[in-house]
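> Quick one, fold the following:
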Amino acid sequence: MSTDPAQMRAHSPLTPAERMRAYRRRRREGSFFVRVQLDPPDIDGLVRRKLLRPGQRQDPEALQVAVQGLVYQVLEGM
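Numbers count the residues shown, from 1 in each chain. A predicted model of the protein is given here:
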């Protein structure tokens, strides 16, 4: 799976068993999901950094991709 947010694509709905298998595989591989609260100034920052289009402020999937893009940018700069 690509880590480039621009290459991420929508997935078809999974059955509960498929979701659990995917969850267990990700855990074995050391991946974790983290929930992050984004306040309006945070979202404004993502728009200023051009990681999010202004019309996507209410789109959870677009916000996820934008935050992932920010994390990747920071980690690449280390």
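
> what's the offset of stretch 44-51 from the middle of its chain?
The chain centre lies 15 Å from the centre of stretch 44-51; the measure is C-alpha atoms, centre = their mean, to the nearest Å.

> Please save the CA atoms from that stretch in CSV.
Output of stretch 44-51 as CSV, limited to C-alpha atoms (Å, rounded to 0.1, in the frame of the first residue of the first chain):
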residue,chain,number,x,y,z
ASP,A,44,-6.9,26.4,8.5
GLY,A,45,-3.3,25.4,8.8
LEU,A,46,-3.8,22.4,6.6
VAL,A,47,-5.4,24.6,4.0
ARG,A,48,-2.5,27.2,4.2
ARG,A,49,0.0,24.3,3.7
LYS,A,50,-2.1,23.2,0.6
LEU,A,51,-2.7,19.8,2.1
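
> Return the set of buried residues in that stretch.
Under the neighbour-count criterion of 16 or more other C-beta atoms under 10 Å, stretch 44-51 has Leu46, Leu51 buried. C-beta coordinates here come from the backbone N, C-alpha and C atoms, glycine included.

> Show the average pLDDT along it.
The average pLDDT for stretch 44-51 rounds to 96.

> Contacts for that stretch, please.
Applying C-beta atoms under 8 Å, 6 or more residues apart in numbering, the external contacts of stretch 44-51 come out as Pro5, Leu38, Leu52, Arg53, Pro54, Arg57, Leu63, Val65, Ala66, Val67, Gly69, Leu70.

> What subset of those residues is buried?
Among the contacts of stretch 44-51, the ones that count as buried by 16+ other C-beta under 10 Å are Pro5, Leu38, Leu52, Arg57, Leu63, Val65, Ala66, Val67, Gly69, Leu70.

> Sweet, I'm off.
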